[in-house]
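> okay, sequence plus prediction incoming.
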Amino acid sequence: MGIKRIERKPGFWERTYLPAIVKGLRLTARHFFRNFFIHLLHQLGLAQHLRGGETFQYPEERRPLSSRLRTLHRLTRREDGSPRCVACMMCESVCPARCIYIVAGEHPNPQIEKYPVRFDIDLGLCVFCGFCIEACPEDAIRMDTGILEFSSYSREGMVYDLDKLLSLSPAPLRSERAAGTDDPANFEMSPENTSEKGL
Ligand code: SF4
Ligand code: SF4
């Protein structure tokens, strides 16, 4: 089957970019004046049902995140502090990005068959699908740290190992701090996770 090429030549006005500029300015002005008047009315105690645009002064101010948001992984521990992971490889098998690498070892406790000698997640490859969480039979891996900002100057720096994954803690839920609100439980970014862990 042949390909039919359709040549489209821009007209005079299109080549001046003026209609596109006017369109952009009109849109910006509409949002500006709408938000300006809504916030003005709010200051006067009126039109509280209307929601004006909000600006978060990032990074000092963090946007509240949904509790369902999948954030940086962490590995959970047993009561004795050892990893809950039994190195069953379910997460490694289900991972579509093939970014989990586990080396299993014999656990000294006969009740627990195996434990992870090595557990790496290459976050440079991870697509944050959450399949690893769903597949885990031990609730050993979670994506509830509330951490979204992590980066590295090297590819190796994006590989998080067992110790690093075990050192992370869950983000406090907003609902836990403000019990009684019907606001859907939101994560607060956890400063102890983001700064003290050196992420
Ligand atoms: S979130 Fe998805 S891509 Fe990332 S490690 Fe888990 S299964 Fe793999
Ligand atoms: S994290 Fe869960 S699914 Fe992955 S190896 Fe450990 S126990 Fe199995």
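That came through, no problem. Since this is a predicted model, take the numbers as computed values, not measurements. Ligands and ions are numbered 1, 2, ... in the order given.

> please count neighbours and contacts with C-alpha atoms only from this point.
Will do.

> gap between the residue found closest to Ile141 once you drop the neighbours it is linked to in the chain and Glu156?
The shortest distance from Ile141 to any non-neighbouring residue, by C-alpha to C-alpha, 6 or more residues apart in numbering, is to Leu75 (4.6 Å). From Leu75 across to Glu156, the span is 20 Å (C-alpha to C-alpha, to the nearest Å).

> comparing those two, which residue is more hemmed in?
Between Leu75 and Glu156, Leu75 has the larger neighbour count (other C-alpha atoms under 10 Å), namely 21 against 11.

> these two touch, right, the more buried one and Asp161?
No: contact status for Leu75 versus Asp161: not in contact, 10.1 Å apart, counting by C-alpha atoms under 8 Å.

> list, one by one, the residues from the chain near ligand 1.
Applying C-alpha under 6 Å from any ligand atom, we find that the chain lies next to ligand 1 at Cys95, Pro96, Ala97, Cys99, Ile100, Cys126, Val127, Phe128, Cys129, Gly130, Phe131, Cys132.

> quick one: which of these is nearest to ligand 2?
Within the residues of the chain next to ligand 1, proximity to ligand 2 (C-alpha to the nearest ligand atom) peaks at Cys132, which comes in at 6.4 Å.

> in this structure that closest one contacts Cys95, no?
Yes: at 6.2 Å, Cys132 and Cys95 qualify as touching, with contact defined as C-alpha under 8 Å.

> quick one: which of these two has more around it?
Neighbour count, other C-alpha under 10 Å: between Cys132 and Cys95, Cys132 has more, with 23 against 20.

> quickly find the element holding the more buried one.
Cys132 is part of helix 131-135, with elements assigned from DSSP states H and E.

> who touches that helix?
For helix 131-135, the external contacting residues (C-alpha atoms under 8 Å, 6 or more residues apart in numbering) are Met90, Cys91, Glu92, Val94, Cys95, Asp139, Ile141, Arg142, Met143.

> would you convert the residues you listed into a markdown table that also reports distance to Gly45?
Converted to a markdown table, the contacts of helix 131-135 look like this (distance: C-alpha to C-alpha, whole Å):
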| residue | distance to Gly45 |
| --- | --- |
| Met90 | 55 |
| Cys91 | 52 |
| Glu92 | 55 |
| Val94 | 53 |
| Cys95 | 52 |
| Asp139 | 48 |
| Ile141 | 47 |
| Arg142 | 43 |
| Met143 | 40 |
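
> can you pull the contacts of the residue nearest to Ser151 when sequence neighbours are not counted?
Among residues not flanking Ser151 along the chain, Met158 sits closest, at 6.8 Å (C-alpha to C-alpha, 6+ apart). Neighbour list for Met158: Asp122, Leu123, Gly124, Ser151, Ser152 [criterion: C-alpha under 8 Å, 6+ apart].

> can you list the residues of the protein near ligand 2?
85-91, 135-138, 140-141.

> which of these count as buried?
Among the residues of the chain next to ligand 2, those classed as buried by neighbour count (16 or more other C-alpha atoms under 10 Å) are Cys85, Val86, Ala87, Cys88, Met89, Met90, Cys91, Ala135, Cys136, Ala140, Ile141.

> in helices only, show me these.
Met90, Cys91, Ala135 (DSSP state H).
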